[in-house]
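[1] Sequence plus the predicted model coming up.
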2 protein chains.
Amino acid sequence: MSTIEIPNWLQNRAYLTPNRIAIKTDEEEISFLSLHKRVVKRANQLSYAGIKKDDVVSILMNNSINMIETIHALKYIGAVTVLLNSRLTSKEIEFQLSDSESTALITDHSFIEIVKLIHVRKIIESDFENMPEVECNIEEAFNLDKTDTIMYTSGTTGKPKGVIQTYGNHWWSAVGSSLNLGLHQDDCWLLAVPLFHISGLSILYRSVIYGIPIVLQVTFDAQKANEAIFTKGVTIVSVVSVMLSQLIQDLGDRSYPTSFRCMLLGGGPAPKPLLEACLSQNIPVYQTYGMTETASQVVTLAPEYSISKLGSAGKPLFPVQIKIMKDGILAKPHESGEILVKGPTITVGYLKREDATSSSIKDGWLYTGDIGYLDEEGFLFVLDRRSDLIISGGENIYPAEIEAVLLAHPLISEAGATGIEDTKWGQVPVAFVKLAEKQDVSVQEILQFCNERLARYKVPKYVYFVDHLPRNASNKLMRRKLVEMIKD
Amino acid sequence: MSTIEIPNWLQNRAYLTPNRIAIKTDEEEISFLSLHKRVVKRANQLSYAGIKKDDVVSILMNNSINMIETIHALKYIGAVTVLLNSRLTSKEIEFQLSDSESTALITDHSFIEIVKLIHVRKIIESDFENMPEVECNIEEAFNLDKTDTIMYTSGTTGKPKGVIQTYGNHWWSAVGSSLNLGLHQDDCWLLAVPLFHISGLSILYRSVIYGIPIVLQVTFDAQKANEAIFTKGVTIVSVVSVMLSQLIQDLGDRSYPTSFRCMLLGGGPAPKPLLEACLSQNIPVYQTYGMTETASQVVTLAPEYSISKLGSAGKPLFPVQIKIMKDGILAKPHESGEILVKGPTITVGYLKREDATSSSIKDGWLYTGDIGYLDEEGFLFVLDRRSDLIISGGENIYPAEIEAVLLAHPLISEAGATGIEDTKWGQVPVAFVKLAEKQDVSVQEILQFCNERLARYKVPKYVYFVDHLPRNASNKLMRRKLVEMIKD
């Protein structure tokens, strides 16, 4: 067994290809060397602020060069980084800080209000303007077995779990992706998805591992994204369905330049009409399948099959294996079952959640909980994400988490949540509640209660009052039957 | 510490991209799927012949599809492969078979005479024509820590040592190379260097890991190699200096097609006039530095520096670290010393030679014995292999420097330099030159030419005219054999 070390990614890039552009924004272009210098400064400032090797530090920021510098700087110091979703409520932030045992929270001005009452050492972006430096020991190499980042995901139980992502998980993800998509000297990746998501973070890492620039945008905006493709040399874009629809709408009659070579489409099964629209406009869409636990895409449709296997998520990246299990037996082609994934990009487990880890990862195989099948050639077709998972605008929402909040309301006795189709977001969450006997409460009150405890996108779009919830013989909520109640 | 497994490379390719071409020869084109099927058959035949998992098996063959099938088949079975140099004498073969404890020797008809008297189980290529099959357990995945191949190298001591190359060494070499050279969907690599050398074997492995074809040629022939570039879609060629000279000579006034993107130049320091000739003909030369112990190139000159750093071997591949040590201390920029290399492509050691291993590899660093320096930007300049160093009157003389001067003479086509014993100075340099066809030039003229370009002590004491220079199978100059020419 060998422990592999790779030279510090950004520092190595600054050595190998110092003058190549690392980041393009509307305001500036930064080379790998300048970025490295800024990161050294930031690391020294963090060192001044008392952050040291092996500390766990949370970041709550919007996409920005500042956020990128902070992410790299924590690596230079050798600290573990927790990436917090920018839409979390105070209570959710508090839980993740405490669960991860974060010693500090680095944030920017947008979040000052929301973190105001949280008891943790806070470093605000603007603090860095005049912060002194204390020279720190820069990590010269990254041990691939070491934890790099933690991202929280709710899972089925409702209580968010910290997914441990090692340096190796991220490294192998970048390598596996390049072996599939290729790597061109003029590649340039649009980063307009959140850096706190694996979709965004993995783009940042590919940039330093490949030595290619990113075009950094704070949030996704179809017009700006298209502009980056047309005028800033972007060759690869990562999107989810809702973004892709908007891009096509904004594109109108225009065609992308031939240099644009990959529209990487993740975030759940894509509607066929959308894929067909792309086909007719010659947009090279690569459907993918992946999740936080696999450090980004693990299955991608290779170029030569984008037409003949429309709707498939493709085949595994080179270092990855997949299989379908049905009732504990390997499924036959076209037989659907649970999707299992194995490979060096798979998380080592959930932070301090040995039970969840051992029930999800067995003998190296990750039990994704997602349903799908392999066709006779081994192409994966994803039928459904984790039976109850709601995917809204690319964000994962776990019904259990909404239900837990609803059940915390003193006047609600039973609650169920599920997703319904939505033309804009793909899906939106809706809630079904049974009130405690002889009690009355308004939808407004319930929504207000949720707003205080759940990120905006998790708050139910509609609340239905019902007399009973659909349950099976062992009283387990059958969430898929909830939708039928709306029809009734 | 994690043990990483990657799905069986060729089998995985046959699953992921079955219809892509794996091998092109003058006679046929074979897809990854057909190659896989042939290899399964070959593995079953080897299984019939009694070869089983963890056996050590030697291969003594010339480049051929048969050889490729055999190399893959041994991996399918899980056996360890020893690759024997085709120019070995019987005694040398016998030593390597015995030292590696090979249980069988697989060879082709060219070697029947030379292995006739060797006592080992032999399987001749033609035996496979009617050999029955016994179904074997195909290795579904390769453990990167497991030994894949063994290649013997003489080193400085004279007694050949078996260099252990793990699956991981080869994997990381392929990955490191692609992160530097990029990976295009239409890439195609010429394989005209011996498969028993790391230069050839690494091309075969890149082919299956990247999913790109190779054009397979038995031996290097400038005209055929150029033809492959012009008519068979070859985009990358691996050469040593003498091959490159021949390619340029054969090329004449033609220009390579723009699809040809990389001339990977290894096998020791290259003469500047050659590099300049390539520059003037727009041939994209990437100088590299590597050896059997590093599983191919570990340092390569990146595209953007091919002009400004002419003559440098470049910077390390992404996963690799280098440093220069002089008298046990880290050398300063421009200070020459021993080149040390670290990274996941470095051999775990020499077979059953713990002393040699522990004196060559310390704390993960390989002491290459080669001399070089890093400039102020960290570019490596390889001066010479330590064993070739000529020390005259206390002054260090690097043969490559003398050779570069000689090759700059318009009437000299090949040149070699070495040291001979001298009572006064310890050693003095002598030169061996091959003149361009039908040309004549006197020793005086050559010495005059050198005198104008080299410090007095570096000017050869004697100049010998020869018909050919001693080269190994990959056309690398064997300077130590030069002395024997004098005796002759």
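    Here it is on my side, so go on.
[2] so where's chain A shaky on pLDDT?
    A:1-2, A:154-158, A:268-271, A:303-304, A:306, A:384-387, A:472-476, A:488 (pLDDT under 70).
[3] Could you list which residues are in contact with the spatially most central residue of it?
    Closest residue to the average C-alpha location of chain A: residue A:197 at 3.2 Å, with C-alpha atoms, centre = their mean. Residue A:197 makes contact with A:83, A:85, A:151, A:292, A:394, according to C-beta atoms under 8 Å, 6 or more residues apart in numbering or on different chains. Bear in mind the C-beta positions are built from the backbone N, C-alpha and C, glycine included.
[4] how about 7 Å then?
    Applying C-beta atoms under 7 Å, 6 or more residues apart in numbering or on different chains, we find residue A:197 in contact with no residue.
[5] Check the gap between it and residue A:87 for me.
    Remark: distance between residue A:197 and residue A:87 (C-beta to C-beta, to the nearest Å) = 11 Å.
[6] The helix or strand harbouring residue A:174 packs against which elements?
    Using DSSP states H and E, residue A:174 sits in helix A:167-181. Helix A:167-181 sits against helix A:198-210, strand A:296-300, with contacts defined as 3 or more C-beta pairs under 7 Å, 6 or more residues apart in numbering or on different chains; DSSP states H and E.
[7] which other helices and strands contact the first one?
    Judged by 3+ C-beta pairs under 7 Å, 6+ apart, helix A:198-210 is in contact with helix A:9-16, helix A:167-181, strand A:189-191, strand A:214-216, strand A:296-300.
[8] burial measure for residue A:150, as a count.
    The tally of other residues near residue A:150 (other C-beta atoms under 10 Å in any protein chain shown) stands at 25.
[9] Now it: which helix or strand?
    Here residue A:150 is assigned to strand A:147-153, by DSSP H and E.
[10] Touching that strand from outside, list them.
    Applying C-beta under 7 Å, 6+ apart, the external contacts of strand A:147-153 come out as A:75, A:80-83, A:96, A:100, A:160-167, A:170, A:198, A:201, A:292, A:351, A:396.
[11] for chain B, what are the nearby residues on chain A?
    Chain A has residues A:1-4, A:6-7, A:12, A:15-17, A:145, A:168, A:175, A:178-179, A:182-185, A:209-210, A:302-303, A:315, A:318-319, A:321, A:344, A:378 near chain B, with proximity defined as C-beta under 7 Å from any C-beta of the partner chain.
[12] Residue ranges of each domain in chain A, please.
    Listed by automatic domain parsing, the domain ranges of chain A are A:5-143, A:169-386, A:389-487.
[13] Tell me which of those domains sits nearest to residue B:401.
    Proximity to residue B:401 (C-beta to C-beta) singles out domain A:5-143 among the domains of chain A, at 27.3 Å.
[14] gap between residue A:142 and residue A:5?
    With C-beta to C-beta as the criterion, residue A:142 and residue A:5 are 7 Å apart.
[15] before we move on, back to that, can you give me how far the strand holding residue A:150 is from the chain middle?
    Its chain's C-alpha centre and that of strand A:147-153 lie 10 Å apart, by C-alpha atoms, centre = their mean, to the nearest Å.
[16] how much does it deviate in direction from helix A:167-181?
    80 degrees (axes from the mean of the first three to the mean of the last three C-alpha atoms, to 10 degrees).
[17] Using CSV, list the CA coordinates for strand A:147-153.
    Listed in CSV are the C-alpha atoms of strand A:147-153, where the atom choice follows Å, rounded to 0.1, in the frame of the first residue of the first chain:
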residue,chain,number,x,y,z
THR,A,147,-9.2,15.0,3.9
ASP,A,148,-9.4,18.2,1.8
THR,A,149,-13.0,19.3,2.0
ILE,A,150,-16.3,18.5,3.7
MET,A,151,-19.7,19.2,2.0
TYR,A,152,-22.9,18.5,3.8
THR,A,153,-25.7,16.5,2.2
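[18] partners of it, with directions?
    Sheet partners assigned to strand A:147-153 using DSSP bridges are listed as strand A:80-83 (parallel), strand A:161-166 (antiparallel).
[19] Let me know the angle separating it from helix A:198-210.
    160 degrees.
[20] If we go by neighbour counts, what in the longest helix along chain A is buried?
    Criterion DSSP state H: the longest helix present in chain A is helix A:32-48. Within helix A:32-48, the residues that count as buried by 16 or more other C-beta atoms under 10 Å in any protein chain shown are A:32-36, A:38-40, A:42-47.
[21] next one: stretch A:278-294
    A:278, A:283, A:285, A:286, A:287, A:288, A:289, A:290, A:291, A:292, A:293, A:294.
[22] Work out for me the element the fifth one sits within.
    In this structure, residue A:287 sits in strand A:285-291 according to DSSP H and E.
[23] Now do that strand: everything it contacts.
    Contacts of strand A:285-291 (C-beta under 7 Å, 6+ apart): A:262-266, A:270, A:275, A:278, A:296-301, A:306, A:312-314, A:368, A:380, A:382.
[24] Filter the residues you listed down to the ones in strands?
    If you go by DSSP state E, the contacts of strand A:285-291 have A:262-266, A:296-300, A:368, A:380, A:382 in strands.
[25] residue ranges for the strands of the stretch 1-150 of chain A, please.
    A:5-7, A:21-24, A:29-31, A:56-60, A:80-83, A:104-107, A:122-124, A:141-143, A:147-153 (DSSP state E, counting those that start in this stretch).
[26] Compile the ones you listed into a markdown table and extend it with columns for distance to residue B:437.
    Listed next are these as a markdown table, based on distance: least, C-beta to C-beta, whole Å:
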| stretch | distance to residue B:437 |
| --- | --- |
| strand A:5-7 | 48 |
| strand A:21-24 | 50 |
| strand A:29-31 | 50 |
| strand A:56-60 | 69 |
| strand A:80-83 | 66 |
| strand A:104-107 | 71 |
| strand A:122-124 | 74 |
| strand A:141-143 | 52 |
| strand A:147-153 | 61 |
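[27] returning to what we had before: relative to residue A:235, which of the helices and strands packed on helix A:198-210 is closest?
    strand A:189-191 (7.5 Å).
[28] Other residues contacting the closest one?
    Here strand A:189-191 has contacts from A:200, A:203-204, A:206-207, A:212, A:214-217, A:225, A:228, A:234, A:236-237, using C-beta under 7 Å, 6+ apart.
[29] make it 6 Å
    The contact list for strand A:189-191 (C-beta atoms under 6 Å, 6 or more residues apart in numbering or on different chains) reads A:200, A:203, A:214, A:215, A:216, A:228, A:234, A:236, A:237.
[30] Same question for stretch A:307-321.
    In contact with stretch A:307-321 (C-beta under 6 Å, 6+ apart) are residues A:172, A:176, A:179-180, A:272, A:275, A:287, A:289, A:298-301, A:322, A:342-344, A:379-382, B:6-7, B:16.
[31] which of the residues you listed are buried?
    Among these, those classed as buried by 16+ other C-beta under 10 Å are A:172, A:176, A:179-180, A:275, A:287, A:289, A:298-301, A:322, A:342-344, A:379-382, B:6-7, B:16.
[32] before we move on, the earlier item: buried subset of the contacts of strand A:147-153, written for ChimeraX?
    To isolate the buried ones among those in ChimeraX, judged by 16+ other C-beta under 10 Å, type:
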select /A:75,80,81,82,83,96,100,160,161,162,163,164,165,166,167,170,198,201,292,351,396
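[33] who's in contact with residue A:177?
    Under the criterion of C-beta under 6 Å, 6+ apart, residue A:177 has no neighbours.
[34] Report the contact partners of residue A:263.
    The contact partners of residue A:263, by C-beta under 6 Å, 6+ apart, come to A:237, A:283, A:285.
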